[in-house]
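> starting from these lines, generate the structure:
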Amino acid sequence: MKNSTRRASDRKGWAILLSGLILILPGCVAKDNIQAGAAADKSARPDADKLLPVDCLLPSQIRSLGTSITYLAPRRATKTTALDCEIRGGEYVAYDRADYRTSLNIWLEGAKAGDAEAQTYVGEIFEKGLGLPVDYKTAITWYQKAAQQGYSRAQINLGYLYEKGLGVEKDMLKALNWYRRASGVEGDQLDYTSAIEAKASSLAQEKTIILRQEIKRRGKQISQLNASLKTTRQKMIQGEKQLNDARKQLKSLEQQRQDASDAAVLESVQVSIAEQKQKILSAETTLVNLNTKISQDEQFANQQTNYVIEQKQTLASIKPTGPSIEIFDPPVFITRNGAPTVRIRSGDSTRVISGKIDAAAGLRKAMLNSRSLSTDSSGNFHSAVAVSGQPKKVLIEAEDILGSRAEFSFTLVPVVEANQQAIIDENRLGRVAQGIDFGNYFALVIGNNEYKHFPALKTAVNDAHVIARILERRYGFETRLITNADRYTILSALNEIKDKMSPNGNLLVYYAGHGERDAKSLQGYWLPVDAELVNTANWIPNTAISGLLNTLDARHVLVIADSCYSGLMTRSSVARLDAQLNDNQLKKWLKVMSKTKSRTVLTSGGLQPVLDSGGGQHSIFAGFLISELSNARSPIDAYKIYLEVSQKVQQKSVELGFEQVPTYAPIQHTGHSGGEFVFVKG
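As a prediction, the model looks like this:
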């Protein structure tokens, strides 16, 4: 049985669906269940573009000073939708979304006046560099001004630039310290715990990896296409032979008709001639169709071959960035003196280290404390380290086939707790979490099966129904479910939920459906059911989703996309739960996370195609996600869900002959401040 996929391919070199050729397609209930066709009268809808985010300059307020003086206050800039800006009498420029120069004009005055929010937005404009040259140094200058005022969004952005070495010398310890300050952990005297990513030039590396995967995928398509062409040509040869035989037979019958003297024989021959002419006509039609198919196949094969040649040239032009190392487990935290450490219980004899090595050029070798470190096909590794009662340094090294190297080290530190049962278990976490106000929970759940111009999906709508039901019944979410939604319905729902959000609210957006990405810009898109193949007018870019999330007055936002999502940071700015915390420390950590902003996304497969089947009535990602949410016995953070689901999805996809690797990371430039989304039983 073949496994269908949810589309997450690039926009270039559109496929022609050909027979015989298998293409990987880049795949009480909720209170509201809205079908796109049953939505509000489309003629009464405003333009969907009015629901997209803009930089809005609001009118001046008329203020009174005493009883006799009135004056106009300075105009205030804000991020909101175009429709809301118009309703409030504001001013915005309907500019090219790829040009940030108009945004700069709106925010620069406030930034110069010392407004931390405006300073951060100006920094982001220079960091993005769309419509302007990328200028990381200027971005850092503005971020530092805002960060010194305690503005967490600027602190996160600064940490990211230090982690990547963009505009400054790369410094992982400074990066983590900025992440810690943004999260509020520093003020509560807790160590900042994080997944460590020792990565260099991640955008170039991500693009290299994607290009290699795309070239490999296209190569498989070309092989399948060549096999299909071979079969079609064989059918063509057989058809030509059958046509020649039929013509010879017709010629023989016509000779028999001329020689026939008996009326009965003549009639019989006439019937045979008519039948033979029909066979010849059918054979000629078949040959014309086969010839057309061969022409289409050859044209498509040439397109694919040219595309592969072009991408190989692009790949060759990308400067190798070297391997990267990421530590998943144990949680690595940064101490006050800046040394990465891991606390372990005194008396433990071993500690398993889990992580991943990415090497775009190919991994030559990996070492852990001078011994060989084995990785699977995706670069994941699990290795035990012997420990004693003394601190022990762990050094992980990686070298790719081009000779580029990366390394990361941390120290295992035995800790003697008064209560050696400080390891977090589900019952203790639930008990400690009692009395903490995590705020209200809302969910927008979207599932699209019935596409007009793309292949229909099998499981997305069912996945959405079950996810919505679990969130509402088990975790107390106020849930809105929409299925088979068009562009307007999705954007409208995202805007309407703004009215429900409060400063301490939590929002989960779940999307299951087709996705797309641009091979050059790496921009991701969600595809509503009215999306067209070549015309991208109804595609919803991930930047638009991120922009809408940026306008929400919510404490925590989690996007779960059983599709693709672009524009992510690294996981280093995601705070993680340290298993060695005692009850007081654990409660303090939960309180800090409950009040610190987060904007994160869990995707089923990064920017690559993901399976729409393979998990029974659900996609394999949704199946494991449903299981994890259903079986959790206590408050559970999104990062833990990611770790559990990711491992199972990778294993299952390999069994199905597919490669699918879920991702989890903060969404860049949306206000993530180092917090974490926590699911609490309702």
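> for the rest of this, base every contact and every neighbour count on C-alpha atoms.
Noted.
> how close does residue 629 get to residue 642?
Per C-alpha to C-alpha, to the nearest Å, residue 629 is found 11 Å from residue 642.
> more neighbours: those two, which one.
Between residue 629 and residue 642, residue 642 has the larger neighbour count (other C-alpha atoms under 10 Å), namely 21 against 17.
> can you pull out the strands in the stretch 251-400 of the chain?
Secondary structure of the stretch 251-400 of the chain by DSSP state E, counting those that start in this stretch: the strands cover 324-334, 340-345, 350-358, 363-368, 371-372, 380-386, 392-400.
> between those, which gets nearest to residue 304?
Comparing the strands of the stretch 251-400 of the chain against residue 304 with C-alpha to C-alpha, the closest turns out to be strand 350-358 (27.1 Å).
> can you give me the buried ones in the closest one?
Buried residues in strand 350-358, counting neighbours by 16 or more other C-alpha atoms under 10 Å, are found at 351, 353-358.
> what do you get for stretch 106-122?
Applying a neighbour-count criterion of 16+ other C-alpha under 10 Å, one finds 106-111, 115-122 buried in stretch 106-122.
> list the contacts of that stretch.
Surrounding stretch 106-122, the residues in contact under the criterion C-alpha atoms under 8 Å, 6 or more residues apart in numbering are 55-57, 77, 104, 139, 142-143, 145-147, 149, 151, 153-154.
> run through the stretch 1-150 of the chain and note the low-pLDDT ranges.
Within the stretch 1-150 of the chain, the stretches with pLDDT under 70 are 1-46, 60-73, 93-102, 130-131.
> quick one, the host helix or strand of residue 174 and strand 340-345 angle?
Secondary structure from DSSP states H and E places residue 174 in helix 172-183. Relative orientation of helix 172-183 with respect to strand 340-345: 70 degrees, computed using axes from the mean of the first three to the mean of the last three C-alpha atoms, to 10 degrees.
> just the CA trace of helix 172-183, in CSV.
Listed in CSV are the C-alpha atoms of helix 172-183, where the atom choice follows Å, rounded to 0.1, in the frame of the first residue of the first chain:
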residue,chain,number,x,y,z
MET,A,172,27.4,30.9,22.6
LEU,A,173,27.8,31.8,26.2
LYS,A,174,26.8,35.5,25.6
ALA,A,175,23.9,34.2,23.5
LEU,A,176,22.6,32.0,26.3
ASN,A,177,23.0,34.8,28.9
TRP,A,178,20.9,37.0,26.7
TYR,A,179,18.3,34.2,26.4
ARG,A,180,18.3,33.8,30.2
ARG,A,181,17.8,37.6,30.8
ALA,A,182,14.9,37.6,28.3
SER,A,183,13.2,34.7,29.9
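> mind giving me the packing neighbours of it?
When contacts are defined as 3 or more C-alpha pairs under 8 Å, 6 or more residues apart in numbering; DSSP states H and E, helix 172-183 packs onto helix 152-164, strand 192-198, strand 324-334.
> can you get me a residue count around the closest residue to residue 91 other than its chain neighbours?
The shortest distance from residue 91 to any non-neighbouring residue, by C-alpha to C-alpha, 6 or more residues apart in numbering, is to residue 57 (5.0 Å). Taking other C-alpha under 10 Å as the criterion, the count of residues near residue 57 is 21.
> residues in contact with residue 57?
Under the criterion of C-alpha under 8 Å, 6+ apart, the contact list for residue 57 reads 75-78, 90-92, 106.
> what pLDDT does the model give residue 196?
pLDDT, the model's per-residue confidence, is 46 for residue 196.
> swap in the one 5 residues further on?
Note on residue 201: pLDDT of 41.
> check the one 3 residues further on too.
For residue 204, the model assigns a pLDDT of 53.
> cool, and residue 601?
Reading off the confidence values, residue 601 has pLDDT 91.
> before we move on, what SS does it have?
strand (DSSP: H, G, I helix; E, B strand; the rest coil).
> quick revisit: which of the helices and strands packed on helix 172-183 comes out lowest on mean pLDDT?
When the helices and strands packed on helix 172-183 are compared on mean pLDDT, strand 192-198 scores lowest, with a mean of 49.
> so which residues of the stretch 351-500 of the chain form helices?
With helices called from DSSP state H, counting those that start in this stretch, the stretch 351-500 of the chain shows them at 426-433, 460-475, 487-496.
> Serialize those to CSV and add fields for mean pLDDT and distance to residue 674.
Compiled in CSV, these are given as follows (pLDDT from 0 to 100; distance: least, C-alpha to C-alpha, whole Å):
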stretch, mean pLDDT, distance to residue 674
helix 426-433, 73, 19
helix 460-475, 95, 23
helix 487-496, 89, 23
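> what's the closest of the ones you listed to residue 272?
Closest to residue 272 of these, according to C-alpha to C-alpha: helix 460-475, at 55.5 Å.
> elements contacting that closest one?
Here helix 460-475 touches strand 441-447, strand 478-483, strand 506-512, strand 618-619, helix 620-631, going by 3+ C-alpha pairs under 8 Å, 6+ apart.
> apply 6 Å and report the result again.
Other helices and strands packing on helix 460-475, by 3 or more C-alpha pairs under 6 Å, 6 or more residues apart in numbering; DSSP states H and E, are strand 441-447.
> before we move on, the earlier item: can I get the strands of the stretch 251-400 of the chain in TSV including distance to residue 622?
What follows is these, written out as TSV (distance: least, C-alpha to C-alpha, whole Å):
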stretch	distance to residue 622
strand 324-334	22
strand 340-345	32
strand 350-358	23
strand 363-368	31
strand 371-372	36
strand 380-386	22
strand 392-400	33
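> residue 555 and residue 597 touch, don't they?
Yes - when contacts are counted by C-alpha atoms under 6 Å, residue 555 is listed as touching residue 597 (4.8 Å).
> what's around residue 497, how many residues?
When neighbours are defined as other C-alpha under 10 Å, residue 497 has 15 of them.
> longest helix in the protein, please.
With DSSP state H applied, the helix covering the greatest number of residues in the chain is identified as helix 202-259.
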